[in-house]
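Asker: model the following, please.
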Amino acid sequence: MVHVKIITDAFRFERFILHIPLSLFWVVFLMFTPYTRAQTGMAVPNEGAWTLDRCIKHALDSNLSIRQAAIQVTNNRNELRQLQWSRYPTANAGSSLSLNNGRVIDPFTNTFDEQTIESNQLSLQSGALLYGGGQLRQGIKSQEMAFEASKEDLNSTKNNIALSIANLYLQALLAEKLEESAVKQLEMTRAQRERIQKLVDAGALSIDNLLNIRAQESSEELSLVNARNTTTNALINLALLLQLPDPSSFRIKQATQFELQIPLEIGIQALYAQAEQRMPELKAAQLREKQALYGLSAARAARYPSLRGFANMSTVYSSTNRRFLTDQPPVITGTAPVGYLENDPTQLVVRPVLSYPTALVPRFSQWGDNLGYGLGLSLSIPIANGAQVETQIKRATQSATQARLQIQTARNQLFTDVTRAITEYRAALARVEANRRNVEAQRENYSFSERRQEQGLINPVEFTTIKNRLQIAEVNLEQARYEMLFRAKVIDFYLGRPIILE
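Answerer: Now for the predicted structure:
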């Protein structure tokens, strides 16, 4: 239920606003013109008379709550895409470059060496979930439902914003109508004062009659000032809600006709059956139940083993990896003792020490020569994990139960709203008829009293009382007509009818 605070108690608008359902976006969205989507981000100049359709489209483009709800939809879509990509293998590449000095291990020979060694390693790893008990699949379905539910939440937020706009718009319309009524009443009083002035000047009436009508005229001038202030406040409040840069120049377009006789040929159950297919709150609740059920299946799937496959490829480069130059002769760098002569132990035998020229193996050649591969499987069997799986299952079960209760709550609320919509429309229609009969009677009484007052057969106090009764009756009729119109549009909304008010 949306409870909207009424700005002015004089209008008593809360009699038919306090129990408006949340999901009346199309009611208020189409009350003046058919719905057409506005271009996102398009600036709307604050000039000319605004229709309700224009007000709502502008609010849908600029309202912060709607933008926040749209961001949540985007976040859920991104999370869904991330889960969907989780079904595919992963691939990650890595590289390392290091310089080591002192007694270090040569990564090429895997032996200790005491020189500055540059090493460079490249690697590529890939992995994929081969079997996970359906946990990933159920998780993706659960996130799909969350994504769809967030879109319905966005629609619900639009409904609430549109309803707030329509509430203030109708208040402004009613305020302008009541201001027009105050102007007419003041004109009638001034015309009456001129007639009394002539009668007083002619000596037909005493001066107290003129004083009384002047007091009445002053009172109605004050009422007109108050009515104009109320209209101004209603327009400014609507302009501020629309976040317009110049609220003082904001104007709305008056409706030119009303349908006062709208037949109601559908019962509560039939209307509820049609409304049940359209309300975003109910759709969101149903989607969240599916989300919770898929989440429960994903939690139960954690009981089963999971099998992953992996593959890797790596290679290494080392600055100590050198090759002999076979196209160049060796160089004698010295001698080394071999032993002594057998027949002369004092005679030392030596051999030449040869140094073969070498060159560093190129980096790309080492990467090709040292390339290695690996394949494998990894099996994980849950046995004891601190009751984490069972706890998650219990939580998911409670979430599913809560989601089911939320659906029933949404249905009960919708049925209450539909019942109230029909009941209040019938009551509003009856009030219009009763107020119309009252206005007709008060007008006849006023016309008759006006003639008697001109003839001096009724005093000004009695005539003023009769006139005030007529004014109150006309105000009540105007309020009843707006209430009846709004209630009729609620019924049209639930029936899915095109709702247009010009």
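
Asker: state the next helix or strand along the chain beyond whichever helix or strand S223 is part of.
Answerer: Using DSSP states H and E, S223 sits in helix 207-241. Proceeding C-terminally, helix 207-241 gives way to strand 251-252 as the next helix or strand, assigned by DSSP H and E.

Asker: which helices and strands sit right next to that following strand?
Answerer: strand 49-50, helix 135-201, helix 207-241 (3 or more CB pairs under 8 Å, 6 or more residues apart in numbering; DSSP states H and E). From N, CA and C alone the C-beta is placed, and that goes for glycine too.

Asker: ok, which of these comes nearest I393?
Answerer: Proximity to I393, assessed across these by CB to CB, is greatest for helix 135-201 (11.9 Å).

Asker: give me the mean pLDDT for the closest one.
Answerer: Average pLDDT, helix 135-201: 86.

Asker: now for that helix, which elements pack on it?
Answerer: With 3+ CB pairs under 8 Å, 6+ apart as the test, helix 135-201 has helix 25-29, helix 52-62, helix 64-85, helix 207-241, strand 251-252, helix 280-301, helix 388-454, helix 460-495 packed against it.

Asker: quick one: the shortest one to chain centroid distance?
Answerer: This means strand 251-252. 27 Å (CA atoms, centre = their mean, to the nearest Å).

Asker: that one pairs with which strands?
Answerer: strand 49-50 (parallel) (DSSP bridges).

Asker: need the helices and strands packed on helix 135-201 in CSV (columns: mean pLDDT, distance to L97 and mean neighbour count).
Answerer: Shown next, in CSV, are those (pLDDT from 0 to 100; distance: least, CB to CB, whole Å; neighbours: other CB atoms under 10 Å):
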stretch, mean pLDDT, distance to L97, mean neighbour count
helix 25-29, 35, 61, 24
helix 52-62, 84, 53, 21
helix 64-85, 92, 31, 14
helix 207-241, 87, 61, 17
strand 251-252, 87, 71, 18
helix 280-301, 91, 42, 22
helix 388-454, 89, 41, 16
helix 460-495, 79, 68, 20
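
Asker: among the helices and strands packed on strand 251-252, which comes closest to E444?
Answerer: Taking those one by one with CB to CB, helix 135-201 is closest: 15.6 Å.

Asker: break the protein into its domains for me.
Answerer: 14-80+135-303+386-495, 324-360 (automatic domain parsing).

Asker: in stretch 192-201, which of the residues would be classed as buried?
Answerer: Residues of stretch 192-201 classed as buried by neighbour count (16 or more other CB atoms under 10 Å): Q192, R193, I196, L199, V200.

Asker: pull the contacting residues for S355.
Answerer: By CB atoms under 8 Å, 6 or more residues apart in numbering, the contact list for S355 reads P330, V331, I332, T333.

Asker: and if we set it to 7 Å?
Answerer: Applying CB atoms under 7 Å, 6 or more residues apart in numbering to S355 gives the contacts P330, V331, T333.

Asker: which of the residues you listed ranks first by neighbour count?
Answerer: P330 (13 neighbours; other CB atoms under 10 Å).

Asker: roughly how far does that one sit from S355?
Answerer: 6 Å (CB to CB, to the nearest Å).

Asker: from Q135, how far off is the closest residue to N435 other than its chain neighbours?
Answerer: Closest residue in space to N435, ignoring its immediate chain neighbours: L477 at 4.0 Å, by CB to CB, 6 or more residues apart in numbering. According to CB to CB, L477 and Q135 sit 65 Å apart.

Asker: export the domains of the chain to a markdown table and tack on distance to L129?
Answerer: Rendered in a markdown table, the data for those read as follows (distance: least, CB to CB, whole Å):
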| stretch | distance to L129 |
| --- | --- |
| domain 14-80+135-303+386-495 | 6 |
| domain 324-360 | 43 |
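
Asker: for the protein, which strand is longest?
Answerer: Ranked by residue count, the top strand of the chain under DSSP state E comes out as strand 117-131.

Asker: strand partners (parallel or antiparallel) of that strand?
Answerer: Strand 117-131 has these strand partners (DSSP bridges): strand 90-100 (antiparallel), strand 306-318 (antiparallel).

Asker: got a pLDDT number for I20?
Answerer: At I20, pLDDT is 40.

Asker: next: the one 3 residues further on.
Answerer: Here the pLDDT value assigned to S23 is 38.

Asker: repeat for M31
Answerer: Value listed for M31 in the pLDDT field: 38.

Asker: what's the answer for I262, then?
Answerer: Reported pLDDT for I262: 51.

Asker: isn't L60 up against T157?
Answerer: No - between L60 and T157 there is no contact under CB atoms under 7 Å: 9.7 Å.

Asker: tell me, what's touching those two both at once?
Answerer: Joint contacts of L60 and T157 (CB under 7 Å, 6+ apart) are I66.

Asker: S123 contacts N92, doesn't it?
Answerer: No - assessed by CB under 7 Å, S123 is found out of contact with N92, at 8.5 Å.

Asker: which one of the two has more residues nearby?
Answerer: Using other CB under 10 Å as the criterion, S123 and N92 rank with S123 on top: 15 against 10.

Asker: if I look at the closest residue to L238 other than its chain neighbours, how far off is L64?
Answerer: Nearest residue to L238, sequence neighbours excluded (CB to CB, 6+ apart): L168, at 4.2 Å. Per CB to CB, L168 is found 17 Å from L64.

Asker: mind listing what V338 touches?
Answerer: Applying CB under 7 Å, 6+ apart, the residues contacting V338 are V349, V350, R351.

Asker: quick one: average pLDDT of the longest strand of the chain?
Answerer: Mean predicted confidence for strand 117-131 is 88.

Asker: what comes up buried for it?
Answerer: I117, S119, N120, Q121, L122, G127, L129.

Asker: C-alpha coordinates for it, CSV please?
Answerer: In CSV, the C-alpha atoms belonging to strand 117-131 read as follows (Å, rounded to 0.1, in the frame of the first residue of the first chain):
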residue,chain,number,x,y,z
ILE,A,117,72.1,-15.8,-13.1
GLU,A,118,69.2,-14.4,-15.1
SER,A,119,66.2,-16.7,-15.4
ASN,A,120,62.9,-16.3,-17.2
GLN,A,121,60.0,-18.6,-16.9
LEU,A,122,56.7,-18.8,-18.9
SER,A,123,53.6,-20.8,-18.0
LEU,A,124,50.1,-21.4,-19.2
GLN,A,125,47.4,-23.1,-17.1
SER,A,126,43.9,-24.1,-17.9
GLY,A,127,41.2,-25.8,-15.8
ALA,A,128,37.6,-26.8,-16.2
LEU,A,129,34.8,-28.2,-14.0
LEU,A,130,33.9,-31.5,-15.4
TYR,A,131,31.3,-32.5,-12.9
